[in-house]
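Trainee: Model the structure of this input:
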Amino acid sequence: MRIAVCMKQVPARVQGDMDPETGVIRRDRLQTTVNRYDLSALEAALRIKDANADCRIDVFTMGPERAKELLRTAFAMGADNGYLICDRAFGGADVLATSYTLHQAIQAAGTYELILCGRQTTDGDTAQVSGALAQWMEVPHLNWVNQILELGESDGTVCVETEEEKLTLRLPMPCVLSVEQDLYQPRMPILRLKMAAKKKPITQLSLESFDDTDPEHYGLRGSATRVRKIYPPEPIAHQPVLQESAEAAARHILSHWRELR
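Mentor: Sure thing, here's the model as predicted:
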């Protein structure tokens, strides 16, 4: 079985460095980390591999050169191959263009029985890329997967939990699954694999690697939406913490309440 796992490198801090002129995040100046939702997807793939010696895990990430750090982390956890989707033509992509780029990259790498994604990313929070990817690939798709019960040669059985109900569903493979963060606790990188990951080759995919090389279908030009401006949240001012008796605290609160009236 071949499994593709889609992962993303995201800003490590909630407070991003904003360009005052354009209002967009200066991503080149931010510390980055692996999107925590995607670690659950990778762990799901690794659990399948633990039970199936013939399983192969390929990790795909779209980003600049430094996104190779994510792939080396995946290697240290047990992934077999890493694909960096990197080209200036891919910059500024929205959900539509990102999912299409992932589709082209996965198609260029081969055929997969299962494609796993995290529920969402911490920087975008759309939770729409997995569904759009499945649409491009013309395969079944499920969100909110919180348990993978069985995977056969032609189909699989999973549990899905929505706000209204819990469902056990069987679907044909290949398919795309978007897994919940609490599906599995991600394992720690293994020292032996971490050392080997430094020398492990990474396959880089550019626009020329794809069947569709029309730049109008990628990045900002291929996006159906435009972000005009991002407004950072107002910083929270430091406030002193008072330790008072119950009676003194009540008087303090009452005095402030009277000032606000």
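Trainee: Isn't Asp38 up against Ala45?
Mentor: No - Asp38 is beyond contact range of Ala45, at 10.6 Å (criterion: CB atoms under 8 Å). Where C-beta positions appear, they are placed from N, C-alpha and C, glycine not excepted.
Trainee: Check the contact lists of those two and give me the overlap.
Mentor: Here Asp38 and Ala45 have Val5 as joint contacts, going by CB atoms under 8 Å, 6 or more residues apart in numbering.
Trainee: list the contacts for the nearest residue to Thr162 once chain neighbours are set aside?
Mentor: Leaving aside its chain neighbours, Thr162 sits nearest to Trp144 (5.9 Å; criterion: CB to CB, 6 or more residues apart in numbering). The contact partners of Trp144, taken as CB under 8 Å, 6+ apart, are Arg119, Val160, Glu161, Thr162, Ser178, Glu180.
Trainee: From Leu183, how far out is Trp144?
Mentor: 10 Å (CB to CB, to the nearest Å).
Trainee: all strands of the stretch 1-150 of the chain, in order?
Mentor: 2-7, 9-11, 32-34, 56-62, 81-85, 114-118, 141-151 (DSSP state E, counting those that start in this stretch).
Trainee: In terms of secondary structure, what does the second one contact?
Mentor: Counting by 3 or more CB pairs under 8 Å, 6 or more residues apart in numbering; DSSP states H and E, the packing neighbours recorded for strand 9-11 are strand 32-34.
Trainee: Distance from the chain centre to the strand it packs on, please.
Mentor: From the chain centre to the centre of strand 32-34 is a distance of 10 Å (CA atoms, centre = their mean, to the nearest Å).
Trainee: from here on, count from 665
Mentor: Renumbered: residue one is now 665, and that last one reads strand 696-698.
Trainee: Hmm, Cys750 and Glu729 touching each other?
Mentor: Yes - here Glu729 lies in contact with Cys750, judged by CB under 8 Å, at a distance of 6.5 Å.
Trainee: neighbour-wise, which of the two wins?
Mentor: Per other CB atoms under 10 Å, whichever of Glu729 and Cys750 has more neighbours is Cys750, with 20 against 9.
Trainee: give the contact list for the more buried one.
Mentor: Counted by CB under 8 Å, 6+ apart, Cys750 has contacts Met726, Gly727, Pro728, Glu729, Ala731, Gln868, Leu869, Ser870.
Trainee: Could you rerun that using 10 Å?
Mentor: For Cys750, the contact set (CB atoms under 10 Å, 6 or more residues apart in numbering) comprises 725-732, 866, 868-871.
Trainee: How many residues are close by Leu778?
Mentor: Count around Leu778 with other CB under 10 Å applied: 23.
Trainee: The one 4 residues further on too?
Mentor: Residue crowding around Gly782 was assessed by other CB under 10 Å; the count is 28.
Trainee: Over to Thr889?
Mentor: Neighbour tally, Thr889, other CB under 10 Å: 8.
Trainee: hmm, back to that, and Gln792, which of the strands of the stretch 665-814 of the chain is closest to it?
Mentor: strand 805-815 (9.6 Å; CB to CB).
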